[in-house]
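**Q** next input, structure requested:
(one chain, ligands or ions: 1)
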Amino acid sequence: MSPSEKIPPRWKFRVAPAKDVTDADIRKGWDAVARWWVSRSGPRGDVNREWIIDPVLLGFLGDVRHQRILDAGCGSGYLARILARRGAQVDGVDLAPALLAAAQAEEARQPLGIRYRRSDLADLSIFGSGTFDAVVSNIVLADVRRYRRAIREIARVLKPGGRFVFSITHPAFEGPVPGQWVREPTDTERIEERRHLIVDRYFDRVAVFWAPPGKPLIPGFHRPLRDYFDALHAAGFVVARFEEPGPSRKALERHYRVFADLLRIPLFLVIEARNAAGGIPTGPVTADQGSRRRSLRRGLPSRSGAGPRVR
Ligand SMILES: C[S@@+](CC[C@H](N)C(=O)[O-])C[C@H]1O[C@@H](n2cnc3c(N)ncnc32)[C@H](O)[C@@H]1O
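**A** Numbering: from 1, shown residues only. Sure, this is the predicted structure:
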């Protein structure tokens, strides 16, 4: 066994009933870690965003010049800044004032025309209907308590046919619910000594409190993947693209120890959904509905026209 002083402190996790968590708990949690959060994020975000998530997310968004984009759950705003530098007109909203303050300070230091405002994604009434060409939301929905309402609001503020491009941690494998690595010896931090991942309690819908070493707990939520798909469908979205990003060769060369696990299981997923304005009918298909579905599908990019897969 390794000498105890060599074992780095682990992150803390605690599972609790989702109904006990309030938006105030979420806001306080994020405010309390805002300084830490900002400190680990460079101009391209943290290491997961820079190397794993954003190449796919930005690839799905494509050319954003002259597009009006909402960064929903913008945190300290690094993604809003990337999009503004690429020629988009960007608004950012978040629940946590301390993160927004960091975003606003950066905007004051180097203005890009981004407007950051405090708003719950479940109530985007500061924006009119049909305002945005695209809404982007990077690792946010699993932090949002009223996520169904948030997805409905996102559909409302999008133009018909507008795109909702988002990432979440992969609900099938994230720790501690449902995924836990079995390690041998049990206290090892070496990735080579992670034997396999146990997946269990996938269908639980619970709050998961997490904290980096020495920091206060922040609540998020575990939900099965189908809950997000049901919410998208109910809000009138159709899913156009889905990716489980893994590390590129370059990412592995630069950060092997960080990304080696991602050769075994995906930790994130990225989805592009399209606002089908009016929704897609469910149940048995009548002749009329069939032609409506076909016309809704015509609004989607064809598989071959979707561009190269980004890795
Ligand atoms: C994991 S952070 C991601 C932040 C940013 N998208 C990024 O990639 O750096 C999750 C963010 O969701 C925000 N959030 C949680 N619930 C929210 C809600 N109901 N409305 C708006 N933002 C929310 C948190 O304040 C936090 O900034």
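
**Q** quick check: residues of the stretch 1-150 of the chain near the ligand?
**A** By Cβ under 6 Å from any ligand atom, the residues of the stretch 1-150 of the chain that approach the ligand are 26, 30, 45, 49, 73-75, 79, 94-96, 99, 120-122, 138-140, 143-144. All C-beta spots, glycine's among them, are computed from the backbone N, C-alpha and C.

**Q** now go through those residues and say which are in strands.
**A** Those of these mapping onto strands are 94, 138, per DSSP state E.

**Q** show me the residues of the stretch 1-150 of the chain next to the ligand that map onto helices.
**A** Counting by DSSP state H, these place 26, 30, 79, 99 in helices.

**Q** closest to the ligand among those?
**A** residue 30 (3.9 Å; Cβ to the nearest ligand atom).

**Q** just list the residues touching that closest one, thanks.
**A** Counting by Cβ atoms under 8 Å, 6 or more residues apart in numbering, residue 30 touches 37, 75, 95-96, 98-99, 143, 218.

**Q** quick check: beta-bridge partners of residue 158?
**A** residue 132 (DSSP bridges).

**Q** closest to the centroid, which residue in the chain?
**A** Against the mean C-alpha coordinate of the chain, by Cα atoms, centre = their mean, the closest residue is residue 139 at 2.1 Å.

**Q** what's the local residue count around the nearest residue to it once chain neighbours are set aside?
**A** Of all residues not flanking residue 139 in the chain, residue 167 sits nearest, at 5.5 Å (Cβ to Cβ, 6 or more residues apart in numbering). Residues lying near residue 167 (other Cβ atoms under 10 Å) number 26.

**Q** strands of the stretch 1-150 of the chain, start to end?
**A** Counting by DSSP state E, counting those that start in this stretch, the stretch 1-150 of the chain has strands at residues 12-17, 68-72, 89-94, 115-118, 132-138.

**Q** chain center to the fourth one: distance?
**A** What separates the centre of strand 115-118 from the centre of its chain is 19 Å, taken as Cα atoms, centre = their mean, to the nearest Å.

**Q** same question for the last one.
**A** With Cα atoms, centre = their mean as the basis, the distance from the averaged C-alpha position of strand 132-138 to the chain average is 11 Å.

**Q** ok, and what's touching that strand?
**A** Contacts for strand 132-138 (Cβ under 8 Å, 6+ apart): 45, 49, 53-54, 57, 61, 64, 67-73, 79, 83, 91, 121, 154, 157-159, 162-167.

**Q** between that strand and strand 68-72, how many degrees?
**A** With axes from the mean of the first three to the mean of the last three Cα atoms, to 10 degrees applied, the angle from strand 132-138 to strand 68-72 works out at 30 degrees.

**Q** now for the residue in the stretch 51-200 of the chain that the ligand sits nearest to: which residues touch it?
**A** Nearest to the ligand, among the residues of the stretch 51-200 of the chain, is residue 75, at 2.8 Å (Cβ to the nearest ligand atom). Neighbour list for residue 75: 30, 37, 41, 94, 96, 99, 103 [criterion: Cβ under 8 Å, 6+ apart].

**Q** next: residue 209.
**A** With contact taken as Cβ under 8 Å, 6+ apart, residue 209 is in contact with 12-16, 217-220.

**Q** dump stretch 210-227 to PDB, restricted to CA.
**A** The C-alpha trace of stretch 210-227 is given here as PDB (Å, rounded to 0.1, in the frame of the first residue of the first chain):
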ATOM      1  CA  TRP A 210     -20.000  16.700  -5.200                       C
ATOM      2  CA  ALA A 211     -17.000  18.600  -3.900                       C
ATOM      3  CA  PRO A 212     -13.400  18.900  -4.900                       C
ATOM      4  CA  PRO A 213     -10.900  18.300  -2.100                       C
ATOM      5  CA  GLY A 214     -11.400  21.000   0.700                       C
ATOM      6  CA  LYS A 215     -14.400  22.700  -1.000                       C
ATOM      7  CA  PRO A 216     -18.100  22.800   0.000                       C
ATOM      8  CA  LEU A 217     -20.600  20.400  -1.600                       C
ATOM      9  CA  ILE A 218     -22.400  21.400  -4.700                       C
ATOM     10  CA  PRO A 219     -25.700  19.700  -5.700                       C
ATOM     11  CA  GLY A 220     -26.300  18.300  -9.200                       C
ATOM     12  CA  PHE A 221     -28.700  15.600 -10.400                       C
ATOM     13  CA  HIS A 222     -28.500  12.100 -11.900                       C
ATOM     14  CA  ARG A 223     -31.300  11.200 -14.300                       C
ATOM     15  CA  PRO A 224     -31.400   8.400 -16.900                       C
ATOM     16  CA  LEU A 225     -30.700   9.600 -20.400                       C
ATOM     17  CA  ARG A 226     -34.300   9.000 -21.500                       C
ATOM     18  CA  ASP A 227     -35.500  11.800 -19.200                       C
END
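
**Q** if anything else comes up later, I'll come back, but that's it for now.
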